[in-house]
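Q: with the sequence up front, the predicted model follows.
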Amino acid sequence: MYELLRNAIISLKMPPDSAVVEKDICAQLGISRTPLREAILQLAKESLIKIAPSDGTFVNKIILREVLQGQLVRDTIEMRLTQLAARNFKPEYEKEFELALFKQKAAAKRKDVDEFFALDNEFHRLICETAGFPDAWLAIHNATGQLDRVRRQAFPLESHYSVVFDEHREIYERIRKRDEAGAAAVFQVQLDSTFPSIQILREKRPDLISGDADISVTDIR
């Protein structure tokens, strides 16, 4: 239930300011309120949902300060995990990476944004596993919901699929060769590509974003 709602928010199928009506969702999905409420509470912790007792429950806008906060998590924790994945790489991980990349390439050809984005996350989860800290992915995932909304909106951009896929292929090759510095350098390129996406979103869809007009990428660079 949590992932279903989270994906709907990330993809804007549930856009900012849309009401989250428990009765309607339960009827639509045929579920009880308990798992739905648990999911809503978790998403509220991630600032993806806003619970206002007097007004109801709504999907939150994209909060730029929290986007940058999520970026900091990736800059620090995930960057270190990428280096450790290269250090600790074992041949047994090759099949998993190759399969993930194969599926991602197929999704890119179909321009299946939802599948490609899910496989993007799977690739980064594999990095955490290869590094020897599989549970770290959950911490990253839970801290980057607002950032994921920005990343997800970049995929319709021209050539974005191929750029991301090529970066993943190169990161994997550096990890496979146990090249810590090389894997980190390519991952840094991918991290930096988020910033133009923030600016594009600000210009094209200001309605999705909350205040924070003074927020700048220089705040974390």
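A: Thanks, I have the structure now. Note that this is a predicted model, so its numbers are computed, not measured.
Q: roughly how far apart are Arg125 and Ala85?
A: 11 Å (CB to CB, to the nearest Å). Glycine gets a C-beta too; all of them are placed from N, C-alpha and C.
Q: which residue ranges form the helices in this structure?
A: Using DSSP state H, the helices assigned to the chain run over residues 2-10, 22-29, 33-45, 64-73, 79-88, 94-110, 113-131, 136-143, 145-153, 160-176, 180-192, 194-204.
Q: now do the contacts for the residue sitting nearest the centre point of the chain.
A: Nearest to the mean C-alpha position of the chain, counting by CA atoms, centre = their mean, stands Asp148 at 3.4 Å. Contact analysis of Asp148 by CB atoms under 8 Å, 6 or more residues apart in numbering lists Ile10, Gly70, Phe117.
Q: Ile77 too?
A: Contacts of Ile77 (CB under 8 Å, 6+ apart): Ala136, Ala139, Ile140.
Q: show the buried residues in these.
A: Ala136, Ile140 (16 or more other CB atoms under 10 Å).
Q: for Leu48, state which of the contacts of Ile77 is nearest.
A: Using CB to CB, Ile140 comes nearest to Leu48 of these, at 15.3 Å.
Q: possible to save the helices of the chain as a markdown table with mean pLDDT and distance to Gly56?
A: Below are the helices of the chain laid out as a markdown table (pLDDT from 0 to 100; distance: least, CB to CB, whole Å):
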| stretch | mean pLDDT | distance to Gly56 |
| --- | --- | --- |
| helix 2-10 | 91 | 16 |
| helix 22-29 | 84 | 10 |
| helix 33-45 | 90 | 11 |
| helix 64-73 | 92 | 22 |
| helix 79-88 | 98 | 39 |
| helix 94-110 | 95 | 36 |
| helix 113-131 | 95 | 27 |
| helix 136-143 | 95 | 24 |
| helix 145-153 | 90 | 20 |
| helix 160-176 | 94 | 35 |
| helix 180-192 | 95 | 36 |
| helix 194-204 | 82 | 26 |
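Q: among those, which is nearest Ala52?
A: Per CB to CB, nearest to Ala52 of the helices of the chain: helix 33-45, 10.5 Å.
Q: just checking, what packs against the closest one?
A: Under the contact definition 3 or more CB pairs under 8 Å, 6 or more residues apart in numbering; DSSP states H and E, helix 33-45 sits against helix 2-10, helix 22-29, strand 49-52.
Q: and the pLDDT for Ile220?
A: pLDDT, Ile220: 61.
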